[in-house]
Structures are given as C-alpha cells and as structure tokens.
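Asks: just coords:
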C-alpha cells in the first residue's frame with residue numbers, strides 16, 4: 001500500500017507533467033503526460049456520454 005507522502009509526491013509529478021510543455025520534459029515525463037491526457041480525455045468522454053461504449057485507451 002502507498003503511504004500519503006508517496007502519493008503526494010506522485011501527484012506533484014503529475015501536476016508538473018501536465019503543466020509543462022511536452023518538449024521541455026524528459027522522455028519518461030513526456031510519456032506520462034501523454035498517457036494522463038489520454039485517460040483524462042476518456043474519463044471526460046464518459047462523463048459527457050455515459051451510455052456510449054468505453055473508448056480504447
């Protein structure tokens with residue numbers, strides 16, 4: 001199980017990855033950013049149209 005300080009650290013990295021321009025991030029953070037944006041878009045699509053099939057992620 002993850003403790004709260006580790007979770008906070010991970011959330012801080014997520015926030016940094018989403019706020020920065022992709023070109024300025026190291027490759028692993030760029031990939032994290034791309035994957036997070038895909039997940040957020042899929043989540044938002046489900047909120048807008050919950051009865052539609054789930055998008056592929």
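Replies: Done, it's in. Here the structure is a predicted model, which is why all the values come from computation and not from measurement.
Asks: any idea how far the least confident helix or strand in the chain by mean pLDDT is from the middle of the chain?
Replies: Least confident helix or strand, the chain: helix 4-19 with a mean of 78, by mean pLDDT, DSSP states H and E. The chain centroid and the centroid of helix 4-19 are separated by 10 Å, computed with C-alpha atoms, centre = their mean, to the nearest Å.
Asks: what does that helix rub up against?
Replies: Helix 4-19 has contacts (C-beta atoms under 8 Å, 6 or more residues apart in numbering) with 2, 25, 29-30, 32-33, 36-37. (C-beta placed from N, C-alpha, C; glycine too.)
Asks: mind checking which of these land in helices?
Replies: 29-30, 32-33, 36-37 (DSSP state H).
Asks: weed out the non-buried ones from those.
Replies: 29-30, 32-33 (16 or more other C-beta atoms under 10 Å).
Asks: could those residues go into CSV alongside distance to residue 7?
Replies: Shown next, in CSV, are these (distance: C-beta to C-beta, whole Å):
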residue, distance to residue 7
29, 18
30, 22
32, 15
33, 19
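Asks: give me the phi and psi angles of residue 25.
Replies: phi -90, psi 150 (degrees, to the nearest 10).
Asks: what's the burial count for it?
Replies: 16 (other C-beta atoms under 10 Å).
Asks: that one and residue 36 touch, don't they?
Replies: No - assessed by C-beta atoms under 8 Å, residue 25 is found out of contact with residue 36, at 11.8 Å.
Asks: may I see the buried ones among the ones in helices among the contacts of helix 4-19 organised as JSON lines, with pLDDT added?
Replies: Formatted as JSON lines, those follow (pLDDT from 0 to 100):
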{"residue": "29", "pLDDT": "83"}
{"residue": "30", "pLDDT": "87"}
{"residue": "32", "pLDDT": "84"}
{"residue": "33", "pLDDT": "84"}
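Asks: report the two of those residues separated the most.
Replies: Greatest spatial distance in these: 30 and 32, 7.2 Å, computed using C-beta to C-beta.
Asks: ok, now which ones touch the residue sitting nearest the centre point of the chain?
Replies: Nearest to the geometric centre of the chain sits residue 36, at 1.9 Å (C-alpha atoms, centre = their mean). The contact partners of residue 36, taken as C-beta under 8 Å, 6+ apart, are 14, 17-18.
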